[in-house]
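>>> Next come a sequence and a model predicted from it.
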Amino acid sequence: MTHPYIPNAEPGVRAEMLAAIGARDVEEFYADIPAGLRLDRPLDLPPALTAEHDLARHMKGLLDRVTDTEQALSFLGHGCYPHHVPAVCDEVNSRSEFLTAYAGEPYEDHGRFQALFEYVSMMGELLEMDVVNVPTYDGFQAAGTALRMACRHTGRSKVLVSAAVSADKLSKLRDFLAPDIEIVLAPVGDGGEITVPAFDAAFAAIYLETPNVYGVVETRGRELADLAHAHGALLVVGADPISLGVLAPPAAYGADIACGDIQSLGMHQSHGGGHAGYIATHDHEPLVAEFPSRLFGIAPTKVPGEYGFGDVFYDRTSFAHREEGKEWVGTAAALWGITAGVYLALLGPHGLRELGETILARTRYAMDALARSVTVLHPDAIHFREFAIEVPSSSALLDALRERGIYGGVPLDARTVLVCVTERHSIADIDRLAAAVQEVL
Amino acid sequence: MNTAESFAELPVTPKPPLRRFHQARWDEPIIFELSRPGRRGLAVPEPGAARVELPESVRRAEPPRLPELSQQLVLRHYLRLSQENLGADLNVDVGQGTCTMKYSPKVNDRFAAAVAEVHPLQHEDTVQGVLEIYWRLERMLAEISGLSRVSLQPGSGSAAIYANIAMIRAYHAATGGGARDQVITTMFSHPSNAACAKTAGYEVITLMPDADGLPDIEALRAAVGPRTAALMITNPEDTGIFNPRIQEFVDLVHEAGGLACYDQANANGILGITRARDAGFDLCHFNLHKTFSTPHACGGPAAGACGVSAELAPFLPGPVVTRDGDAYRLETPPRSIGKIRPFLGVTPNIVRAYAWIMALGGDGLRQVAETAALNNNYLMHKVLQIRGASAPWGRRRIEQVRYSWQELSEETGVHSEEIGVRAADFGVHYWTSHHPYVVPEPFTLEPTESYTKEDLDEYAAILAHVAEEARRDPELVKGAPYNQTIHKIDPTPLDDPKAWAPTWRAYVRKHRP
Amino acid sequence: MTGPAVAPLSGPGLVGLVVNPVAGLGGAAGLKGSDGAGTQREALARGATPRAGERAARAVRTLLARRPGTRLLTVPGPMGEDSVRAAGAACDLVRLDPAADPTADPTAGPTAGPTADPTAGPMADPTADPTAGPVGGTTARDTRRAVAALAGVDLLLFAGGDGTARDVLDAVRDLGDRAPAVLGIPAGVKVYSGCFAVAPAAAGFLAADFLHGRGQAGGRRTVEAEVVDLDEEAYRRGLVSPRLYGSLRVPAAPVALSGRKAGSSGTAPGTVDGIAREVVARMRPGVRYVLGPGATTQAVGRALGLATTLLGVDVAELGDPHRLVAADVSEAELFDLVRGTEAVVVLSVIGGQGFVLGRGNQQVSPRVLDAVTGMLVLATPHKLAALGGRPLLADTGDEELDSKLGGHVQVITGHRESTIYRVRAASEEYDG
């Protein structure tokens, strides 16, 4: 049988094509590969499941051995968040035209250009910044690139990074900024916000994250912006855009570069497959020149009333500063950009504010509820979506909760657990968690 | 009673030789222009608990100026935009050479959707099925590459190249080779090899093709030395030519104490034919969205895989999945370079790639490779019959060819980019090449195993037609497109800081004050 | 080529045209060039037909098809007018006054309006002595006079080869600030200079796009392009000898919208400035650097803040500030400057043939090369790509030394970017 995915494997057509080419055998095409490099046996792989039904059955067998966050009550966050995904988001990003397109020109792929332009434009409104990139891989990459941009822009090679970021993100930053950029950590104070050690003109940037890894909303953004600027450095702020319906955008307190992950904006958790990163600046040419990512902009066409699109400032690479530390541009996460645009269009200014209010209120409610049985860290700080609790044993608590069908949170260390609450968690869900925690302790 | 005069007859006349294509043209406004205050696309849950008052220092002062639309309006707007986009599912997508635009089976999207509500930090016991898929895919890719261990963490091919470089850097640092500060690559390897090496702090030496179109081995001999950290090389290169002396390349680098890293972004033509380890490579990477069929998604999410030898396994990004009897566990390698991206990997694409291999098996993969090579050589045979098209160096090709319109361009003044845009008027498209254009007026075709002979005939017929148009009426080709959503774009404002508009707010500020 | 510059927007699109009617004659006759009246007569005797006029007409046709309103200004007869007519178009004419100051302002008086009467056209230069002058009655001097007469146009198109480009360059230099942007229509045997479009039609298209350059987008963009020429006598003997003569401002090819692939990498091809930064990063104090001719080496001078020359050989040293030890030195001066001290020569590739030594930098003689302690070779990836796999060439005049220089050298192609490229003795390469 001819495999459904390989039409020209059918012997008749294969012979016809070989005859047209004038080749006896497909072996002729491989004549450049020396015999010593040829694999002289079939690949040792499991037998093919050519029938779609057989494949589906096999996959179901595997995937059934998963208990997802709809089957359990999950309070897991820590970089991947369980927000409600509107049906329209799924509908749009599963369209064949978007799902299977790649890199056509702004003509045959006009829709992709417009949808991504609209995404960056809505992000621009949310961030109050005029320049936003077509998504990079994820928030980790966005932070790494934003810091490299700041270093190139200032010509300096040292950055002050908030210690209130996830260990994984810090690991990525350490790798990505090595070997030429030194990272100094700004320690976390008792209240859950970062404190700034000695700062001088050797630094290219301060990296602040808000809400930070503990869910704490940093309140001293303006002060840090002033400090950075006084020394000719930039303030880079990592912010989850879903918080910006209620929280001030980084630009409002003087940030020069904003960055973060957009998974919250309409992407499923997908076991970590829903991430995409944004980077934003003001329309300041020298800083725009440092973007390694693509920027889409409006261009006129031959016909009045038509919006065309194309790459803004494509020739950025010729700028001298970029020669210092180039980065690559490649396939990243464009489809999630389109999806985030759909999400922002659905919620609009007021939906996003209401969503933020609900998350703030439920986070506080959960903190109060859990405070009855465990120590809630940084109780006086403003929290958005996450907070940390201190318990006798993280693993013992989480194991016991799991037995009760609850994924209670992410263990930050042996005694600290991070709890995540979104609009998906009803008051009853939170009460159930609080009761279960009380019970198992 | 119908008295209207008949104006057409049966049978319907046969189709003309070329498709009378026209892309959707909805003339859709920018979404901000559809906004009307008070409309809403989605309701969100009420707090149900006491509201939190924010201090002024952190409170948003003004609501964001997002558009306000009803739900159906949002849906309709985006569906129209989707129709104005040419996905691979809709065209004979053989023109984005080096990108391996093969068929992404629909059933695999279903499997991917099954992990939608899985959180990446769930306890191992609750995600055994996902971990098993990671483990099984890793073992399959290890078999396909001949290497020992595979990381599925990188988010794309370029990220996988970067991860490989990071491992190379860590390996040398750990084995006393820290002074090695040069990476060697070739002109027809993917430029991300050079870009990632530079990002990682390396000086890059690029070998140019010799008169035969192959990287100059004597140049490599002169390039290697105590400063050599690694060779990063694609094979077959972007020209589609397989470097028959690849083993010598690897040996030269090894003799100098460097590592050899194989860019197998598109391994589509050599699956089951030859393997990275058999030529002595220490590392390789695959793009799961190329050879292993996950959809390109307008440019991601994608997924990459890094294969390494046993010596490099301790440096893999963590965590990796290990098998312990019937259980699957996460483990961070002892000298791991750390995280390349959040969590374990782009799981929906890991699931798709796994399902794709399972649908084919070992024999199927080999059939994929052979058919990709057959299709490519057939298409080359057709394209070379077009006057003005050529394939420099005249050598054998595996899975793709970088062609040239140099002759046509010199005759007509029409450039390859313009021919590509005009071809889109017939419902197909192509990509030229990376810069600089070593092959003048280039276009790169890679037909993969997915397309039928008739598809390839149609594609070649479109190119032949446009080439003829270029001779007859170059203005026509240069003025294209005509059958697209929009007409020819004037890109000048895109490079002018005073005029460029990378967001709607910038556009309004500069052009509609 | 260096980075784009921006010219102010002027006028509604006035294009000048100069044709060297004998360009290309020698090629058809296998004479490897058309310089010199003897060659041209021999070419005609061998049955060659002039084709420069026809190629110019092709460019004009393309230009007008794209920009129908474009006004053309040219000189009578085969040096321009005939080609415009062959393209089915009208033009304004400037008569070349035999005794006139070659820099006369054409705006003061085109001699004729749009000449509808073809018989009024053939006003071939009456000064040319047909027996002494070249066939067709035009000389290099005529080209220069025509260029001077057309000063003030938005864009000057000329049809010819490298020799014609040199004449145009000479005339344009004399015009100083009034020099228009220039674009070559390839019509000669030798077309190695960067100021030519790839084909006549391409010249027409490029000209049209240039005129279309919009005010708000920063005007009509030009870039600097090298003019090189070969010594035809040597060329006929099989020795290709490109010399760098200078540079002209040519329209920048519009940034193509196509080819901006999402999947492609952000690596920019190395730029002249990137190369210069790399060279400066490799320079050490106390070493003398000999900068050969060319735009790439001149960029090194620029990166150092020194006024080095485009065509000459200069010597520089690091310091605070950096020092231009000597500019435009002779071979003897250079030898004195590098003898007995640590010195490195910095050379770029001249012309489309790949020469790094012996062409335009003869000051870097065998004894100078013997005296210096190192050599850096510079080239943009574009220039190397254009060699199509052919080696770089050395022709120092000492074949033994050339052979010794043969092998592989590191060529700096950008900041922290290089390639390893083959060098051959020119004599070996051309002996086959």
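Good, I have the coordinates.

>>> need the helices for chain B, in chain order.
B:71-83, B:106-113, B:128-145, B:157-174, B:192-199, B:217-223, B:246-255, B:347-383, B:406-412, B:416-424, B:453-472, B:474-478, B:504-511 (DSSP state H).

>>> The closest residue to residue A:36 other than its chain neighbours: what's it in contact with?
Nearest residue to residue A:36, sequence neighbours excluded (CB to CB, 6 or more residues apart in numbering or on different chains): residue B:247, at 7.1 Å. Placement of C-beta: from N, CA and C, glycine included. If you count contacts by CB atoms under 8 Å, 6 or more residues apart in numbering or on different chains, residue B:247 has them with A:34, A:36-37, B:279-280.

>>> Out of those, which end up buried?
A:37, B:279-280 (16 or more other CB atoms under 10 Å in any protein chain shown).

>>> could I get those as JSON lines with distance to chain C?
Listed next are the buried ones among the contacts of residue B:247 as JSON lines, based on distance: CB to the nearest CB, whole Å:
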{"residue": "A:37", "distance to chain C": "25"}
{"residue": "B:279", "distance to chain C": "21"}
{"residue": "B:280", "distance to chain C": "21"}
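
>>> what comes up buried for stretch A:396-411?
For stretch A:396-411, by 16+ other CB under 10 Å, it's A:397-398, A:400-402, A:404, A:406-411.

>>> now do stretch A:361-369
A:361-367, A:369.

>>> mean confidence for it?
Averaging pLDDT along stretch A:361-369 gives 98.

>>> about what we covered before: how far away is the residue nearest to residue A:36 from chain C?
To chain C, residue B:247 is 20 Å away according to CB to the nearest CB, to the nearest Å.

>>> With residue B:81 instead?
17 Å.

>>> Pull the number of nearby residues for that residue.
Residues within reach of residue B:81, counting by other CB atoms under 10 Å in any protein chain shown, total 28.

>>> Could you find the closest non-adjacent residue to it?
The nearest residue in space to residue B:81 (CB to CB, 6+ apart) is residue A:111, at 3.9 Å.

>>> Kindly report the same for residue A:298.
residue B:501 (4.7 Å).

>>> Now do the phi/psi pair for the one you found.
phi -140, psi 80 (degrees, to the nearest 10).

>>> Could you chop chain B up by domain?
B:107-360, B:369-492 (automatic domain parsing).

>>> Make JSON lines from those domains and add mean pLDDT and distance to residue A:15 to it.
Shown next, in JSON lines, are these (pLDDT from 0 to 100; distance: least, CB to CB, whole Å):
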{"stretch": "domain B:107-360", "mean pLDDT": "95", "distance to residue A:15": "20"}
{"stretch": "domain B:369-492", "mean pLDDT": "94", "distance to residue A:15": "10"}
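
>>> Redo those domains as JSON lines? Include distance to residue C:15.
Output for the domains of chain B, formatted as JSON lines (distance: least, CB to CB, whole Å):
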{"stretch": "domain B:107-360", "distance to residue C:15": "38"}
{"stretch": "domain B:369-492", "distance to residue C:15": "16"}
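
>>> Relative to residue A:330, which of those is closest?
Evaluated with CB to CB, the domains of chain B place domain B:107-360 nearest to residue A:330, the distance being 3.5 Å.

>>> burial count for the residue nearest to residue A:298?
25.

>>> contacting residues for it?
A:297-298, A:312, B:493, B:507, B:510-511.

>>> same thing but 10 Å
A:117, A:121, A:130, A:283, A:296-299, A:309, A:312, B:493-494, B:507-512 (CB atoms under 10 Å, 6 or more residues apart in numbering or on different chains).

>>> Could you chop chain A up by domain?
What automatic domain parsing lists as the domains of chain A is A:7-51, A:73-84+A:350-440, A:87-341.

>>> chain center to the first one: distance?
To tie it back to what came earlier, the one meant is domain A:7-51. Relative to its chain's centre, domain A:7-51 lies at 41 Å (CA atoms, centre = their mean, to the nearest Å).

>>> and if you look at the longest one?
For domain A:87-341, the separation from the chain centroid amounts to 10 Å (computed by CA atoms, centre = their mean).

>>> what's the answer for stretch B:159-169, then?
The answer for stretch B:159-169 is 18 Å, by CA atoms, centre = their mean.

>>> How about the closest residue to chain C within the stretch 401-513 of chain B: what's its closest non-neighbour residue?
Here the residue of the stretch 401-513 of chain B nearest chain C is residue B:413; by CB to the nearest CB that distance is 2.8 Å. Nearest residue to residue B:413 in three dimensions, chain neighbours excluded: residue C:201, at 2.8 Å (CB to CB, 6+ apart).

>>> ok, the one you found to residue C:61 distance?
The gap separating residue C:201 from residue C:61 is 8 Å, by CB to CB, to the nearest Å.

>>> the more surrounded of those two?
Per other CB under 10 Å, whichever of residue C:201 and residue C:61 has more neighbours is residue C:201, with 26 against 19.

>>> In three-state terms, label the more buried one for me.
Following DSSP: H, G, I helix; E, B strand; the rest coil, we place residue C:201 in the helix state.

>>> Confirm for me that it is in contact with residue B:473.
No. Residue C:201 lies out of contact with residue B:473 (CB atoms under 10 Å); the separation is 11.8 Å.

>>> Tell me if stretch A:273-280 is near chain C.
No. Under the criterion of CB under 10 Å from any CB of the partner chain, chain C is not reached by stretch A:273-280; the shortest gap measures 13.7 Å.

>>> can you tell me if that stretch touches chain B.
Yes. Stretch A:273-280 comes into contact with chain B (CB under 10 Å from any CB), by way of A:273-277, A:280.
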